[in-house]
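S.K.: One predicted model, sequence on top.
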Amino acid sequence: MVAGVEAPEPCWMTPLLQYLKEGIGPEDKQEARRLRIRALKFEIIEGSLYRRSYLGPSLKCIDYGEAEYAIREIHEGICGMHMGAKMVAVRAMRARYYWPAMFMSALGEIRKCDSCQIYAPVTRNPKLDLQCVLPGHSRSWVST
């Protein structure tokens, strides 16, 4: 009997795992230095990559496929409340997950949510603060 073993697809964690487990880094000196500095924020616990956290427990690093599932579960799952991208990213961190660009991927998934797009409140606030114009002041564009 032969069991087929699939190699995991390379993702954002692959260079970090290779460096932390085997000490293998890129050939370019600048890239190698950048990887060494970045690897200081990560650790391997029981074969999985974790991001060290200053104020709490270490966060488990997940790839983008798992992150997409986590966002959907937090946003519209059993206890999901269709909250905004920032709150979804914070809840993912509270659930002890980490991936780069958490907020941007949460924002992208929330933009795909039909019920959020249909029932979201429409803000009609101006993009810039209103400027007060006092009467009697001459302007350079007004000819006198």
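M.R.: Yep, that arrived.
S.K.: Spatially nearest residue to residue 100, not counting backbone neighbours?
M.R.: Spatially, and ignoring its direct neighbours in sequence, residue 100 is nearest to residue 12 (5.9 Å; CB to CB, 6 or more residues apart in numbering). Every residue, glycine included, has its C-beta placed from N, CA and C.
S.K.: Please verify my assumption that that neighbour contacts residue 99.
M.R.: Yes. If you go by CB atoms under 8 Å, residue 12 and residue 99 touch, sitting 7.3 Å apart.
S.K.: Could you name every residue contacting both of these two?
M.R.: Common contacts of residue 12 and residue 99 (CB atoms under 8 Å, 6 or more residues apart in numbering): 63, 64.
S.K.: neighbour-wise, which of the two wins?
M.R.: residue 99 (23 against 14; other CB atoms under 10 Å).
S.K.: how about that one, what does it touch?
M.R.: Going by CB under 8 Å, 6+ apart, the list of residues near residue 99 reads 12, 61, 62, 63, 64, 67, 105.
S.K.: on that earlier part again, how near is the residue nearest to residue 100 to residue 116?
M.R.: 27 Å (CB to CB, to the nearest Å).
S.K.: Residue 43 bridge partners, please.
M.R.: Under DSSP bridges, the beta-bridge partners of residue 43 are residue 50.
S.K.: ends of stretch 82-99, how far apart?
M.R.: This stretch, stretch 82-99, spans 21 Å end to end (CA to CA, to the nearest Å).
S.K.: Please identify the buried residues of it?
M.R.: Going by neighbour count (16 or more other CB atoms under 10 Å), the buried part of stretch 82-99 is 83, 85, 88, 89, 90, 91, 92, 97, 98, 99.
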